[in-house]
Each structure stands twice: as structure tokens, then as C-alpha cells.
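Undergrad: Need a 3D model of the sequence below.
(2 chains)
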Amino acid sequence: MKTLFKIITICIFLLGTNVMAQDPDQNPNYKESQAKYDEQKDELTKRNGETIQDTYEAYDWTENKLKVKNARIQRRHEVRMIRNQRHRVCYSSNGYGNNYNNGYYNNGYNNNGYYNNGYSNNNGNNYGGNNYSNSVSNWGSTLLTTAVLGTTLYYLFK
Amino acid sequence: MKKIFLNIALVGALAIGVQSCHTVSRVDTDSTMDISGKWNDADSRMTAETLTDQILGELWLNQFKKENQRKPVVIVGFVKNKSHEHIEAETFMKNIERSFIQSQKIRLVQGGDKREQIRGERADQQTNSSVSTMKQFGLEIGADFMVQGDINTIVDAYKRKKVVYYQVNLELTHLQTNEVVWIGEKKIKKYIKN
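TA: Okay, the predicted model is just below:
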């Protein structure tokens, strides 16, 4: 019984010392803040010692000029690609190569000095290296049609 | 005729050879070499030197030692780059951290990912190391201060001329009281003409 009493006394003394160890000036609600930051401590200390890159883009005349130039080159390239694809669609739809001058490509858009790159003109002829594949596919298509037509006629009239 | 062609070919080959000559040379790491005008190693070095002198030579250090009769313990927080360029602050922060250890005036504790790795290793020791060599949890040194920083720039450009102003700030804040005891500053101004 005496031993139990001693243990309880020591426990009370230790608890009392612990309470006394706290700063009297400490905010009594400090545990609320402690609990809040206890949850986020890993997230908050994860990037210690790192450089957080939060950069902005500064206007630079020379760099901007270069960007505009590159954008123009890219746009011209894309326009050429789209035009090339349209030609292909156009040829493959009817199998003929003479519908070039259909009014669509010669509406002034191609001949405004800006896009007039020798790619299309008003007389229906093809210029430029890019049309080479179109011409080849056109010839192939014509040959195929002729072959199919010839074979059909042969079997019909033999 | 054959001789002329041979000579032309020889001169052409020589010209191509000279053009495509690729050379590499070692230079002094303390030399200043400005090429593009952007932030470079010279700026980083100058920043580290200035901030090291400031942090080790100012009042806060003696004041702390006088009040506490010991060296302050510092942890490095993050540096925020709010400039227009990609700047890695670790290059000059490491120089500053190194000066803490070399000067023996400030004690440094590990933070961030490296601290996590150390704690992981300590956890591993709890099950794999012998009892006499096993390191215990809960005995790390608590930092007194945290170093945090910012990098800012102001750019003024017109046509081919450009003025770039860099300002690097480091702050030392007391972890208990939240008091800022020191602010270091390094300013660099560059005039670039393309």
C-alpha cells in the first residue's frame, strides 16, 4: 500500500513538473495550431533546400523578333502541308488531274504575293517539287482506271 | 586542267576542315566569361561570396552566442526563383552552407529529401543493425533558424539593348519566435547590347 502511494506521489510530481516546464507566456490554444501543422508537416518540409521555379516571361525585342520569324516559317509550312493534302483529296476523288483550275485555288489567295510560291497558277499546270507525288499518283490512278475498264470490256465482248 | 581541279578540291577540303574544327579547353573556374548575358557561374559565385560575408560577419551571430553561449543551428529552407530566367540557387546555397561548416561558426542540420533518406536509413537500422551501433530516433538537433530566399529580376529592353537587374535575398528567421534576424542581399546589374 505504501509503495502504491509512493508511485502515485511520484507520478503527480512528474506531471506537475511537466506542466511547470511550459512557458507561462505560451498561448493556451497552441495545440490547435500544432495539430493543424502536424497534418501538413511532410508537405511543408518536402521542398527544403530546393529552388522553386516560379519564373515569368520578360519581353525581349530580339527574342520576340526571332519567335515571330519562326512562327511565320511554321505557319507557311503548315499552309503548304494543308494545301498539299487538299490536292491529294481532290485528285483521289475523281481520278483526273485536270480539275486543278477549279476556281478554288485561284481565288486570289494564292496569288497575293505572299503565298504565291509557284505552287499553283491559273493555267492548270503543276509547278514545284511538291506536286511531283500528285502527278505520279494521278498517272497511277489513270492507268488503274484504264486497266480496269479494259479488262471489263475484254470480258464483256470476248 | 587536272591540276587545277586537284588544287580546287584541296582548298575546298581544307576550308571544310577549318570550318568544322571543334576545340575544347579547360578554363579557370574563377574566371568570368559572359556569353549570352544570362545568369551564369560568375553571378552565382559573386552572390555566394557576398552573402557568405554578410551572414558570417553581421550582428545576429554574436548576439545569439552571447545570449545562448553556443553556436546557432541553421536549416536551409527553399529559395524561390521569381525571375525571368531559370536560375538554380543550389549552386550558391551550397557555397554558403559550406562556409558555415568551414568557419565553425554556425551548425547546419539537414532538411528536405536528404533528411527523409537519413530517417529511412535510421528506421532500417532499428531492425538490421546491432544494438551497440543502432542510432536512435528522437535525438536530432533542432534548428534555431531557417534560411529562406528569393530571386527577383527587373528587365528593361528596347530593340537591341537590354538592362537586367537581379536581386537575390536571403532571410534568416528564428523558428521559435518567427523573428527575422538577418536579411542578406546581392544586387547585379547587366547591360546587354546585341
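Undergrad: Strands of the chain, start to end?
TA: The chain I'm using is chain A. Taking DSSP state E as the test, the strands found in chain A are A:51-53.
Undergrad: Not quite, go with chain B.
TA: Going by DSSP E, chain B shows strands at B:73-81, B:107-109, B:145-158, B:161-174, B:180-193.
Undergrad: Mind listing what's buried along the first one?
TA: Looking back up the chat, that one is strand B:73-81. B:74, B:75, B:76, B:77, B:78, B:79, B:80, B:81 (16 or more other Cβ atoms under 10 Å in any protein chain shown). No exception for glycine: its C-beta is placed from N, CA and C like everyone else's.
Undergrad: Would you enumerate the residues in contact with the last one?
TA: Remark: with contacts taken as Cβ atoms under 8 Å, 6 or more residues apart in numbering or on different chains, residue B:81 is in contact with A:51, A:52, A:53, A:54, A:55, B:87, B:89, B:151.
Undergrad: Nearest to residue A:26, out of the strands of chain B?
TA: strand B:161-174 (15.8 Å; Cβ to Cβ).
Undergrad: Taking strand B:145-158 as reference, get the angle to the closest one.
TA: With axes from the mean of the first three to the mean of the last three Cα atoms, to 10 degrees defining the directions, strand B:161-174 sits at 170 degrees from strand B:145-158.
Undergrad: strands paired with strand B:161-174, and their directions?
TA: strand B:145-158 (antiparallel), strand B:180-193 (antiparallel) (DSSP bridges).
Undergrad: Show me which residues of chain A sit near chain B.
TA: A:45-62 (Cβ under 8 Å from any Cβ of the partner chain).
Undergrad: run the last query once more with 6 Å
TA: Contacts of chain A with chain B, taken as Cβ under 6 Å from any Cβ of the partner chain, map to A:47-56, A:58, A:60-62.
Undergrad: ranking these by neighbours, who comes first?
TA: residue A:49 (22 neighbours; other Cβ atoms under 10 Å in any protein chain shown).
Undergrad: Might one say that it is in contact with residue B:110?
TA: No. Residue A:49 is not in contact with residue B:110 according to Cβ atoms under 6 Å; the separation is 8.3 Å.
Undergrad: show me where chain A has helices.
TA: A:2-21, A:30-45, A:61-94, A:132-157 (DSSP state H).
Undergrad: Now do residue B:72: how many residues are near it, please.
TA: With other Cβ under 10 Å as criterion, residue B:72 counts 21.
Undergrad: So in chain A, where's the weakest helix or strand by average pLDDT?
TA: helix A:2-21 (a mean of 56; mean pLDDT, DSSP states H and E).
Undergrad: where in chain B is pLDDT low?
TA: B:1-2, B:10-20 (pLDDT under 70).
Undergrad: Would you mind listing what in it touches chain A?
TA: B:76-82, B:84, B:88-89, B:111-112, B:155, B:157, B:159, B:194.
Undergrad: And those residues, which is closest to residue A:144?
TA: Of those, the one sitting nearest to residue A:144 (Cβ to Cβ) turns out to be residue B:194, at 58.1 Å.
Undergrad: What segments of chain B are helices?
TA: B:2-19, B:41-57, B:59-68, B:90-103, B:112-128.
Undergrad: I'd guessed residue B:51 sits against residue B:184; true?
TA: Yes. Residue B:51 sits in contact with residue B:184 when judged by Cβ under 6 Å, with a separation of 4.5 Å.
Undergrad: hey, what's in contact with both of those two?
TA: residue B:170 (Cβ atoms under 6 Å, 6 or more residues apart in numbering or on different chains).
Undergrad: between the two, which one's more packed in?
TA: For residue B:51 versus residue B:184, neighbours defined as other Cβ under 10 Å are more numerous around residue B:51 (23 against 20).
Undergrad: give the contact list for the more buried one.
TA: Counted by Cβ under 6 Å, 6+ apart, residue B:51 has contacts B:96, B:170, B:184, B:186.
Undergrad: Okay, it and chain A: tell me how far apart.
TA: Going from residue B:51 to chain A by Cβ to the nearest Cβ, to the nearest Å gives 15 Å.
Undergrad: repeat for residue B:180
TA: 18 Å.
Undergrad: If we ignore the residues flanking it in sequence, what's nearest that residue?
TA: residue B:173 (5.2 Å; Cβ to Cβ, 6 or more residues apart in numbering or on different chains).
Undergrad: My read is that the one you found contacts residue B:181, right?
TA: No. Assessed by Cβ under 6 Å, residue B:173 is found out of contact with residue B:181, at 7.3 Å.
Undergrad: Give me whichever of the strands of chain B is most buried.
TA: strand B:73-81 (a mean of 22; mean count of other Cβ atoms under 10 Å in any protein chain shown).
Undergrad: Sheet-wise, list the partners of it with their directions.
TA: When DSSP bridges is applied, strand B:73-81 pairs with strand A:51-53 (parallel), strand B:107-109 (parallel), strand B:145-158 (parallel).
Undergrad: any chance of the ones you listed in CSV, plus distance to residue B:119?
TA: Shown next, in CSV, are the strands paired with strand B:73-81 (distance: least, Cβ to Cβ, whole Å):
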stretch, distance to residue B:119
strand A:51-53, 23
strand B:107-109, 12
strand B:145-158, 18
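Undergrad: Those: which one's closest to residue A:152?
TA: Among the strands paired with strand B:73-81, strand A:51-53 sits nearest to residue A:152 (Cβ to Cβ), with 69.2 Å.
Undergrad: got a list of contacts for the closest one?
TA: So strand A:51-53 is contacted by B:78, B:79, B:80, B:81, B:88, B:89 (Cβ under 6 Å, 6+ apart).
Undergrad: With respect to residue B:166, which of those is nearest?
TA: Of the contacts of strand A:51-53, the one sitting nearest to residue B:166 (Cβ to Cβ) turns out to be residue B:81, at 10.6 Å.
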